[in-house]
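Asks: give me a model of this one.
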Amino acid sequence: MIFAGLSDFITGDLTDWVIDVIDALGYLGVALLVALENLFPPIPSEVVLPAAGIWANDNGGIPQLVGMIVAATVGSVVGAWALYAIGALIGEERIRGFVEKRGRWFGVKTADLDKADSWFDRHEELSVLFCRCIPLVRSVVSVPAGLRRMNPMRFTLYTAIGSAIWNTALVVVGYAARDQWDTVQDVVGYVQYVVVAAILAAIAWFVWRRIIKIRLHPEEADPELVPPDLIDDVEEIRAEERETELQEAELQEAEHAEDQRPGGAG
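Replies: Presented below is the predicted three-dimensional model:
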């Protein structure tokens, strides 16, 4: 029911509003909507870009189609730069300070940041390029780029290339499928649901492995991930384990000594 209602809203009221904005502002409207979409996900590019293609089909043809792709790409880069700036302003040091103080509560440790930083530094160009073509993730990737202070020129270049690929695909779909708008929206909606489901599954796996499982069995967890409220419990459990091991060792030693006595067992 929820997804059905959301789909009706996206294909109905929101789509009508997007088309009204494009009718009123043309290329500028598309650029503004796409830039806003980067910062405000409820305005999905899966609606804005096909609508831009439809507008181009209704208002001239190929030159307008190219203009819409360029405008959308400019908007994408502007929106991506806003998120890059947010990441840069937050800064790596603040993130590390937060993880060091409170990371245990969220299943994150400093070693995880080190791995993430190392991976991003090795693949930053491809990460930005390919993530710009993935729904939902396409905006978020600008934040770690800002945190790591990725070279601004390279960030702009790969953001523009990845955005141009994504924008061209969806604008052309809207342009070519003018008379099958409902079918296009249904297909795009299903693809988005799959991406959302995959992201939610990854989050659920992380929560289970790094939070729930640790709370159920803190004594088996990485000491850096044990929440503060469970540290005393872990120490108590491990003290009991050491006491049990000590008693077993003493018992085995006594049995061994008994075996070594004249007339002992054996």
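Asks: for the rest of this, base every contact and every neighbour count on C-alpha atoms.
Replies: OK.
Asks: leaving out chain neighbours, which residue sits closest to K109?
Replies: Leaving aside its sequence neighbours, K109 sits nearest to G103 (CA to CA, 6 or more residues apart in numbering; 5.7 Å).
Asks: hang on, the one you found packs against A111?
Replies: No. Contact criterion CA atoms under 8 Å: G103 and A111 do not qualify, at 10.9 Å.
Asks: so between those two, which is more surrounded?
Replies: Shown here are G103 and A111; by other CA atoms under 10 Å, G103 has more neighbours (19 against 11).
Asks: and the one helix or strand A82 maps to, what does it pack against?
Replies: Applying DSSP states H and E as the criterion places A82 in helix 62-90. Contact partners of helix 62-90 among helices and strands, from 3 or more CA pairs under 8 Å, 6 or more residues apart in numbering; DSSP states H and E: helix 27-39, helix 45-58, helix 137-140, helix 142-147, helix 152-176.
Asks: between these, which one is closest to W119.
Replies: Among the helices and strands packed on helix 62-90, the nearest to W119 by CA to CA is helix 142-147 (11.3 Å).
Asks: show me what the closest one packs onto, helices and strands only.
Replies: helix 62-90, helix 110-131.
Asks: go through the shortest one and flag the buried ones.
Replies: Of all the residues in helix 110-131, those buried under the rule 16 or more other CA atoms under 10 Å are 110, 117, 120, 124-125, 127-131.
Asks: ok now that helix, how far from the chain's centre?
Replies: 13 Å (CA atoms, centre = their mean, to the nearest Å).
Asks: just use 16 as the starting number from now, easier for me
Replies: Taking 16 as the first residue, the last one we looked at is helix 125-146.
Asks: what's in contact with that helix?
Replies: Contact with helix 125-146 is made by 111, 114-115, 152-153, 156-157, 160, 163, 165, 169-170, 173-174, 176-178, as judged by CA atoms under 8 Å, 6 or more residues apart in numbering.
Asks: ok, 6 Å please
Replies: Under the criterion CA atoms under 6 Å, 6 or more residues apart in numbering, residues 152-153, 173-174, 177 lie in contact with helix 125-146.
Asks: could you check how far the nearest residue to G122 once chain neighbours are set aside is from Y205?
Replies: Residue nearest to G122 in three dimensions, not counting chain neighbours: R225, with 4.7 Å by CA to CA, 6+ apart. As judged by CA to CA, to the nearest Å, R225 and Y205 stand 30 Å apart.
Asks: ok, A103 - contacts?
Replies: Counting by CA under 6 Å, 6+ apart, A103 has contacts 161-162.
Asks: the same query, at a cut-off of 10 Å, please.
Replies: Neighbour list for A103: 97, 157-165 [criterion: CA atoms under 10 Å, 6 or more residues apart in numbering].
Asks: same question, I176
Replies: Counting by CA under 10 Å, 6+ apart, I176 has contacts 88, 92, 143-145, 147-148, 182.
Asks: do the same with A39
Replies: Here A39 is in contact with V33 (CA under 10 Å, 6+ apart).
Asks: may I see the helices and strands packed on helix 157-162 organised as JSON lines, with mean pLDDT and distance to F221 added?
Replies: Formatted as JSON lines, the helices and strands packed on helix 157-162 follow (pLDDT from 0 to 100; distance: least, CA to CA, whole Å):
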{"stretch": "helix 77-105", "mean pLDDT": "92", "distance to F221": "23"}
{"stretch": "helix 125-146", "mean pLDDT": "83", "distance to F221": "13"}
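Asks: could you export those as JSON lines, including distance to A217?
Replies: Converted to JSON lines, the helices and strands packed on helix 157-162 look like this (distance: least, CA to CA, whole Å):
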{"stretch": "helix 77-105", "distance to A217": "23"}
{"stretch": "helix 125-146", "distance to A217": "16"}
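Asks: re the thing from before, R225 and Y205: which has the busier surroundings?
Replies: Each of R225 and Y205 has its neighbours counted (other CA under 10 Å); R225 has more, 20 against 12.
Asks: no further questions, thank you.
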